[in-house]
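>>> have a look at this fold, sequence not included:
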């Protein structure tokens with residue numbers, strides 16, 4: 001349960017639009033804001049991940065690395 005306080009000016013205008021479900025308007029607004037905040041958190045996490053990402057040395061080849069490990073018998077199953 002959540003209570004919301006609004007100013008008198010808004011309260012006076014709302015009865016004019018009796019067909020509007022004001023609770024749903026508030027719920028939608030909260031959902032939208034939460035979605036925006038979650039996107040921002042995800043973007044921040046991705047930026048942090050990028051900042052601390054270890055980049056391979058110049059000339060590194062993932063194909064050569066995989067072949068090397070396969071020749072050594074990895075993964076062992």
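On my side now, so go ahead. Being a predicted model, the structure only gives us computed values, none of them experimental.

>>> contacts and neighbour counts: CA atoms only from here.
Will do.

>>> just after the longest helix seen in the chain, pick out the following helix or strand.
Counting residues, the longest helix in the chain under DSSP state H turns out to be helix 22-52. Next in sequence after helix 22-52, counting helices and strands by DSSP states H and E, comes helix 62-71.

>>> re the thing from before, give me the mean pLDDT for the longest helix of the chain.
Mean per-residue pLDDT for helix 22-52: 93.

>>> so how far is it from its chain's centroid?
Distance, stretch centre to chain centre, for helix 22-52: 5 Å (Cα atoms, centre = their mean, to the nearest Å).

>>> and that helix, what does it pack against?
The helices and strands touching helix 22-52, judged by 3 or more Cα pairs under 8 Å, 6 or more residues apart in numbering; DSSP states H and E, number zero.

>>> can you give me the buried ones in that helix?
For helix 22-52, a neighbour-count test (16 or more other Cα atoms under 10 Å) marks nothing as buried.

>>> again with stretch 7-26
By 16+ other Cα under 10 Å, stretch 7-26 has no buried positions at all.

>>> if anything else comes up later, I'll come back, but that's it for now.
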